[in-house]
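1. The following block contains a protein sequence and its predicted model.
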Amino acid sequence: MSGGDFLDTNVFVYAFQFNDREKQRVARELVEAAVAGKFVISVQVLSEFASTLLHKASPLATPEAVIAILDDLSPVRLVTADGELVRRAVEARAAYGLHFYDGMIIAAAERAGCARILSEDFNAGQEYFGVLVTNPFL
């Protein structure tokens with residue numbers, strides 16, 4: 001898998017469960033582009049998104065509704081985790097002082113050959129292992 005940019009979990013959460021209309025508009029455009037193959041995510045992003053909908057979102061986020069959303073997202077290019085990805089996440093922790101799960105995001109984006117991670121949760125402008133973080137909501 002090579003190319004494209006990587007979308008972090010917050011983009012998906014904002015697209016489906018957020019009160020800021022402008023952030024939601026931007027997030028929905030990014031998610032639509034991801035479904036069209038223009039972005040990459042990881043199994044971790046998909047898991048965090050589903051968990052957020054099921055546990056922190058409105059009561060309307062039933063398991064059936066979340067399954068339907070996941071089905072709609074099935075065309076999105078996905079990086080799976082393995083031992084090498086976990087090791088790289090630990091290296092990200094050592095190199096940048098990141099939380100382990102943030103290191104997993106960095107490692108997945110790097111593995112996918114992404115130039116950028118679009119996220120509100122990392123420091124915009126920071127580069128990790130050659131992958132630049134951009135905040136799409138600024």
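-> Okay, I see it.

2. how deep is the closest residue to Ser42 other than its chain neighbours tucked in, by neighbour count?
-> Excluding the flanking residues, the one nearest Ser42 by Cβ to Cβ, 6 or more residues apart in numbering is Ala108, at 3.7 Å. All C-beta spots, glycine's among them, are computed from the backbone N, C-alpha and C. Counted with other Cβ atoms under 10 Å, residues neighbouring Ala108 total 27.

3. Check which helix or strand Ala108 maps to.
-> Per DSSP states H and E: Ala108 is located in helix 100-111.

4. before we move on, back to that, could you pull up the contacting residues of the residue nearest to Ser42?
-> Neighbour list for Ala108: 6, 40-42, 44-45, 79, 81, 85 [criterion: Cβ atoms under 8 Å, 6 or more residues apart in numbering].

5. Quick check: the gap between it and Val35.
-> For Ala108, the distance to Val35 (Cβ to Cβ, to the nearest Å) stands at 18 Å.

6. just the contacts of Ala108 now: which is nearest Pro63?
-> The shortest approach to Pro63 among those belongs to Val45, at 19.1 Å (Cβ to Cβ).

7. Quick check: which element contains that closest one?
-> In this assignment (DSSP H and E), Val45 forms part of helix 43-56.

8. Skipping adjacent residues, who's closest to Met104 in space?
-> Ala89 (4.4 Å).

9. Oh, that last question was meant for Tyr96, not what I typed.
-> Of all residues not flanking Tyr96 in the chain, Tyr128 sits nearest, at 5.8 Å (Cβ to Cβ, 6+ apart).

10. I appreciate the help and will end here.
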